[in-house]
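Trainee: only geometry, no sequence info:
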């Protein structure tokens, strides 16, 4: 089932991303007064009443980019226009129709696409009275909207639904998709690709997508937003999340766009089912790589370590193997020692599909549950092999354990004294459970609860 596409377009800095976020009800796109903040196409499946459609935020038409990425941004806009069923042309109510707006209108008119003219930033009644001046753009009456004050959004949504293609054309012969009909992107595996700048994340996304879905450039920091990309291969569907390349601690950045890019990358990690930590096989593992690995562990996310630019690494060292990398990675990223490694060449498309397949396998591994008897048998063996350090003449003792959730696998342990189980013993215990149970390559979360009565909650067959 395909869904209509509604593209938000306009010149730079008229409030497209702010309107996009207001319509979807979440800060998906980065909002900034800096012209050209949005570079890639940002898509979100939105349901309004009985209709579901893809809402797309685009870069500014006619952008003059400080990094000379205008042609790449324009290419993304052209792709959005090519797939659009309806345009939402945004203008700035406070500035009135500008020559740049007229240039945008002239460019859009030959497309023949139906369009809604939206005047953004209408925060006062006085500005609303200026709406007739936008008639000269040739797109009819401008709908007044204030994304900041949530003014006019309901009316805009109704207008969008009214202008969508008939359901029989857009959503299949069975008729309109209802609010109960899930968009194909809902409920799918989400795999976030994270890494330092220029490591090849966007190149990998384009290789999976089979087209230039996101901008790829040698300019550091080209990707700013976190982009959910719907990928389908042979009937199999999943989401890959392209993220901004991380450079330094988000809170220390003087660039607000970089700051928000970092925050969205971290948010992408938290909502992902699994993470691909992309490393440059031709470079040393650095502080940024370690920071991303630490974030993955803090969130207990399944993590695949992908060694990109493997073709270049082999050219330097023809005898190189992935196994030879294992001790080095374990030394530099000790918290990820149990995570699998894989080599790929994103630029050449080499091994990109198996890497994603392995990441999805990790997500399924983390979603497993084990029987209570199996868990407690493993806990008993772990305590027999190694006890906690004695403190005040006492040893830590686990009376009983149960799995309370999955993704990540989370175990609640009833013990005599939680403080007896230090970080070192917790790492040991998690490693033993990974070995004895069915979680060999994913992080485990342990929770401790005091139980003064060692018989309370004890499992009996």
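Mentor: Right, received. Where do you want to start? The structure displayed is predicted, hence computed values, not measured ones.

Trainee: Just the strands from the stretch 101-250 of the chain, written as ranges.
Mentor: Secondary structure of the stretch 101-250 of the chain by DSSP state E, counting those that start in this stretch: the strands cover 115-120, 143-144, 190-195, 227-233, 236-242.

Trainee: Give me the angle between the fourth one and strand 190-195.
Mentor: Meaning strand 227-233. Angle between the axes of strand 227-233 and strand 190-195 is 120 degrees (criterion: axes from the mean of the first three to the mean of the last three CA atoms, to 10 degrees).

Trainee: Give me the helices and strands touching strand 227-233, please.
Mentor: Counting contacts by 3 or more CB pairs under 8 Å, 6 or more residues apart in numbering; DSSP states H and E, strand 227-233 packs against strand 42-48, helix 201-209, strand 236-242. (C-beta placed from N, C-alpha, C; glycine too.)

Trainee: Check the shortest one too.
Mentor: Contacts defined by 3+ CB pairs under 8 Å, 6+ apart place strand 143-144 against strand 115-120, helix 153-163.

Trainee: Mind listing what's buried along stretch 304-321?
Mentor: 304-311, 313, 320 (16 or more other CB atoms under 10 Å).

Trainee: now it: how far from the chain's centre is it?
Mentor: 27 Å (CA atoms, centre = their mean, to the nearest Å).

Trainee: Helix, strand, or coil at the residue lying closest to residue 341 once chain neighbours are set aside?
Mentor: Leaving aside its sequence neighbours, residue 341 sits nearest to residue 305 (CB to CB, 6 or more residues apart in numbering; 4.9 Å). Recorded secondary structure, residue 305: strand (DSSP: H, G, I helix; E, B strand; the rest coil).

Trainee: who's residue 305 bridged to?
Mentor: residue 277, residue 341 (DSSP bridges).

Trainee: okay, it: pLDDT?
Mentor: Here, the pLDDT recorded for residue 305 equals 96.

Trainee: And for residue 66?
Mentor: Looking at residue 66, the pLDDT reads 43.

Trainee: Then residue 191?
Mentor: For residue 191, the pLDDT comes out at 90.

Trainee: Repeat that for residue 110.
Mentor: 84.

Trainee: now the one 5 residues further on
Mentor: Looking at residue 115, its pLDDT reads 89.

Trainee: Can you name the residues bridging to the closest residue in space to it that isn't next to it in sequence?
Mentor: The shortest distance from residue 115 to any non-neighbouring residue, by CB to CB, 6+ apart, is to residue 87 (4.1 Å). Beta bridges link residue 87 to residue 7, residue 115, judged by DSSP bridges.

Trainee: Help me confirm that residue 87 comes into contact with residue 116.
Mentor: Yes - using CB atoms under 8 Å, residue 87 makes contact with residue 116 at a distance of 7.2 Å.

Trainee: In terms of neighbours, single out the busier of these two.
Mentor: residue 87 (25 against 21; other CB atoms under 10 Å).

Trainee: how about the more buried one, what does it touch?
Mentor: Counting by CB atoms under 8 Å, 6 or more residues apart in numbering, residue 87 makes contact with 6-7, 9, 81, 108, 111, 113-116.

Trainee: Could you do residue 43 as well?
Mentor: 54-57, 227-228, 230 are the contacts of residue 43 under CB under 8 Å, 6+ apart.

Trainee: And the helices in this protein?
Mentor: Residue ranges of the helices in the chain, as given by DSSP state H, are 16-24, 70-83, 99-108, 125-128, 153-163, 167-170, 201-209, 256-271, 287-298, 310-316, 322-332, 352-366, 372-385, 423-436.

Trainee: Indicate which one of the ones you listed is closest to residue 398.
Mentor: Residue 398 lies closest to helix 372-385 among the helices of the chain, at 5.3 Å (CB to CB).

Trainee: Can I get the helices of the chain in JSON lines including distance to residue 339?
Mentor: As requested, the helices of the chain are exported to JSON lines (distance: least, CB to CB, whole Å):
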{"stretch": "helix 16-24", "distance to residue 339": "33"}
{"stretch": "helix 70-83", "distance to residue 339": "33"}
{"stretch": "helix 99-108", "distance to residue 339": "47"}
{"stretch": "helix 125-128", "distance to residue 339": "54"}
{"stretch": "helix 153-163", "distance to residue 339": "43"}
{"stretch": "helix 167-170", "distance to residue 339": "42"}
{"stretch": "helix 201-209", "distance to residue 339": "18"}
{"stretch": "helix 256-271", "distance to residue 339": "14"}
{"stretch": "helix 287-298", "distance to residue 339": "8"}
{"stretch": "helix 310-316", "distance to residue 339": "17"}
{"stretch": "helix 322-332", "distance to residue 339": "8"}
{"stretch": "helix 352-366", "distance to residue 339": "8"}
{"stretch": "helix 372-385", "distance to residue 339": "21"}
{"stretch": "helix 423-436", "distance to residue 339": "11"}
